[in-house]
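Chemist: What follows is a protein structure lacking sequence information:
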């Protein structure tokens with residue numbers, strides 16, 4: 001009898017308009033977004049990430065507006081890993097990104113792996129992943145990967161890194 005793949009939850013979070021919904025839809029064969037006038041008002045959900053067949057990944061994207069902070073924290077519950085999406089062309093939102101990450105991490109019973117997506121690398125004025133890491137003030141162990149979510153660039157690399165960290169953390 002074939003063993004069922006282990007179910008693991010990934011949270012995709014970050015400030016408003018950073019590209020979270022695009023990340024979820026690009027990663028998943030099946031994705032749905034609950035939005036109004038183009039902005040997420042509840043959550044994004046995706047499944048069937050086909051690059052990995054030994055895990056059943058459930059990917060939840062949070063709304064980014066501050067008024068939905070409570071939803072970010074609720075959706076964080078049960079997460080095995082976090083993708084923090086930031087808009088590399090909008091350095092003024094990096095403080096908010098740090099606050100979002102802190103808010104969702106406090107809802108989790110243990111430290112879960114985080115990979116940061118420095119999104120919109122194709123746009124003029126985008127900060128490099130190293131500049132994003134420096135401005136966010138995260139530790140050197142945290143991976144910051146340059147992405148262009150609309151094209152899927154960097155997303156597989158980010159997921160590979162996060163899944164590896166999640167599996168290591170799951171063994172501990």
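Modeler: Alright, I've got the coordinates. The model shown is predicted, which means the values in this text are computed figures rather than measured ones.

Chemist: Going by C-alpha atoms from here, please, whenever you check contacts or count neighbours.
Modeler: Noted.

Chemist: And the residue positioned nearest the centre of the chain, how far from residue 119?
Modeler: Residue closest to the average C-alpha location in the chain (Cα atoms, centre = their mean): residue 83, at 2.3 Å. With the distance defined as Cα to Cα, to the nearest Å, residue 83 ends up 11 Å from residue 119.

Chemist: Flag the shaky bits of this structure, pLDDT-wise.
Modeler: Filtered on pLDDT under 70, the chain yields the residue ranges 1-2, 30-54, 172.

Chemist: For this protein, which segments count as helices?
Modeler: Remark: helices assigned in the chain by DSSP state H are 20-27, 69-76, 94-105, 129-136, 155-171.

Chemist: Now tell me what touches the second one from outside.
Modeler: When you say that, I think you mean helix 69-76. Helix 69-76 has contacts (Cα atoms under 8 Å, 6 or more residues apart in numbering) with 11, 13, 42, 60, 62-64, 100, 103-105, 107-108.

Chemist: Which members of those residues are classed as buried?
Modeler: Among those, those classed as buried by 16 or more other Cα atoms under 10 Å are 11, 13, 42, 60, 62, 63, 64, 100, 103, 104, 105, 107.
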